[in-house]
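Asker: quick one: sequence and predicted model below, then my questions.
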There are 2 protein chains.
Amino acid sequence: MSEADFGPRPGEEIVDLPAAFDAGLYFVGRVRTPWTERAQCPRNSAQSDAVCTLEVDPRFAPALRSLAGTTHLIVLYWMDRAPRNLVAQQPRHAPEARGTFALRSPARPNPIAVSVVELLGIEGETLRVRGLDCLDGTPLLDIKPYFASTDARPQARVGWREAEADGEVSGREGRRAAP
Amino acid sequence: MSEADFGPRPGEEIVDLPAAFDAGLYFVGRVRTPWTERAQCPRNSAQSDAVCTLEVDPRFAPALRSLAGTTHLIVLYWMDRAPRNLVAQQPRHAPEARGTFALRSPARPNPIAVSVVELLGIEGETLRVRGLDCLDGTPLLDIKPYFASTDARPQARVGWREAEADGEVSGREGRRAAP
């Protein structure tokens, strides 16, 4: 896989990135998944029940203390193969290019992915989780407990998704109305 | 405010950080809030109804396209005043020190905060949002649409929080049972 996989499509927009970074990240471990090529990755975490593991660097292992009894985690990881200069992107099958901040695409100025995972087990420096969709070996940035009171918004809606869903519903209704 | 505010307390644990960073971040804007000192900040976002703004750098403004009709966002920002070497922390009033990855404390190896906010309005490069609790001027890292299907887990539980809540409930019941 190369950056060519992410090459700009018609309607997409790129910018010149700043000359220097403003802050630095430490990789605190690795994400282990069954997927070694991008084409194998599920389209999103809801499309896979695969059990993956978070392997935390021994240096940071003491930070895992007190996780027992916690059911869900927010995992941050670094999409290290994604280009960072795309500000508008053309998703396949979408009617027009969309702003990067309106998408969950890995291509973004700071390619930090956020996933909510189910915590299945803890063995030493390794967490077994469900809910990831990234490549094997992806660098791990952070693990946080998921607080339903501040993190769960079941009623949230995404504008462009609703527009697409409306189209689908009309389509299905049209077919249903037909003989 | 200085790092001394975050100085280790009894039971806390620090580690030597790696000699070099593994990746770099761009600040893509600033968070504007009513709070200019740490003591003023709400304890968490649920404790404030304050309207805050996300000011996106003009360079990245095209990335805001297509957000209309989206009700909630995930905002990532950089807690630039927090120490990064604390792997176990002693929250005030907690019975014992807890692992950093079991806490939402800003002090962590990569001090990236994740907040779910309500999107109230978009004016040019500025988003009005509700649900932040950070200092005015905090560097902005990323904005993502919140997808209820993958991000909302209303049933999620946090082990140490439940233990505390049990204690509180017993306490209250005890007092209620007393004359």
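Answerer: Received it, and whenever you're ready, just let me know what you need.

Asker: going by C-alpha atoms from here, please, whenever you check contacts or count neighbours.
Answerer: OK.

Asker: leaving out chain neighbours, which residue sits closest to A:Ile122?
Answerer: A:Arg128 (6.3 Å; C-alpha to C-alpha, 6 or more residues apart in numbering or on different chains).

Asker: partners of that neighbour in the sheet?
Answerer: Beta-bridge pairing for A:Arg128 (DSSP bridges): A:Thr53, A:Gly121.

Asker: that one and A:Gly121 touch, don't they?
Answerer: Yes. Between A:Arg128 and A:Gly121 there is a contact under C-alpha atoms under 8 Å: 5.0 Å.

Asker: low-confidence regions, chain A specifically.
Answerer: The model of chain A has pLDDT under 70 over residues A:1-7, A:166-179.

Asker: A:Pro111: what's it in contact with?
Answerer: A:78-80, A:82, A:84 (C-alpha atoms under 8 Å, 6 or more residues apart in numbering or on different chains).

Asker: mind listing the helices for chain A?
Answerer: Here chain A has its helices, by DSSP state H, at A:148-151, A:159-177.

Asker: wait, A:Leu17 touches A:Pro83, no?
Answerer: No. With contact defined as C-alpha under 8 Å, A:Leu17 does not reach A:Pro83; the gap is 10.7 Å.

Asker: so the two - more neighbours on which side?
Answerer: Between A:Leu17 and A:Pro83, counting by other C-alpha atoms under 10 Å in any protein chain shown, A:Pro83 is the more crowded of the two (20 against 14).

Asker: could you measure from the more buried one over to A:Phe101?
Answerer: 14 Å (C-alpha to C-alpha, to the nearest Å).

Asker: go on, A:Ala20?
Answerer: For A:Ala20 relative to A:Phe101 (C-alpha to C-alpha), the value is 21 Å.

Asker: again, but for A:Gly121
Answerer: Distance from A:Gly121 to A:Phe101, by C-alpha to C-alpha: 33 Å.

Asker: which one of those two is surrounded by more residues?
Answerer: A:Phe101 (27 against 16).

Asker: which residues touch the more buried one?
Answerer: A:87, A:108, B:63-65, B:67, B:142-145.

Asker: ok, A:Leu132 next?
Answerer: Counting by C-alpha under 8 Å, 6+ apart, A:Leu132 has contacts A:33, A:44-45, A:48, A:50, A:52, A:115, A:117.
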